[in-house]
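Undergrad: coordinates only, sequence not included:
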């Protein structure tokens, strides 16, 4: 089940990022609670490097995702508790600890991260079927897998 406040947050950050469109040659990374829209205007400048926290120990990183122009959203239970459930069962998924999605648009990255998390053990396969997405799945046993290009 999608959390409407999360979707609205992603939509609002994506919309706020358009304020930078009028600023020529301006790189930015606009973040709200870990969901972010990033842009690097010059190909000669390095991309942003976004750290993905360990859901079991937020002081540790489990991955670093490069992001030049696009959006990133993470769904997990770490900071908000059991707020994502599988609508098919009504249960909080136990197989997955976090899902991070990179997409062109934050609204869709946010929706897909939450939807993939809700799918539990099917998160990586489902996310891999989504065109234009990259992802990082942290399983409940601590293993990390990625998908997409």
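TA: In hand now; what should we look at? Just so it is clear, the structure is predicted and the values come from calculations on it, not from any experiment.

Undergrad: tell me what the least confident helix or strand in the chain by mean pLDDT is packed against?
TA: One helix or strand of the chain scores below all others by mean pLDDT, DSSP states H and E: helix 4-17, with a mean of 76. Secondary-structure packing of helix 4-17 (3 or more C-beta pairs under 8 Å, 6 or more residues apart in numbering; DSSP states H and E): strand 28-32, strand 35-39, strand 69-76, helix 106-118. All C-beta atoms are positioned from the backbone trio N, CA, C, and that covers glycine.

Undergrad: and the contacts of the helix or strand just after the third one?
TA: Secondary structure here is assigned by DSSP states H and E; on that basis, the next helix or strand after strand 69-76 toward the C-terminus is strand 96-103. With C-beta atoms under 8 Å, 6 or more residues apart in numbering as the test, strand 96-103 has contacts from 52-53, 55-56, 63, 65, 67, 70-78, 109-110, 112-114, 116-117, 120-121, 123, 127, 132-140, 142, 148.

Undergrad: and those residues, which are buried?
TA: Restricting the contacts of strand 96-103 to buried positions leaves 52-53, 55, 65, 67, 70-78, 109-110, 112-114, 116-117, 120, 123, 127, 133-139, with burial counted as 16 or more other C-beta atoms under 10 Å.
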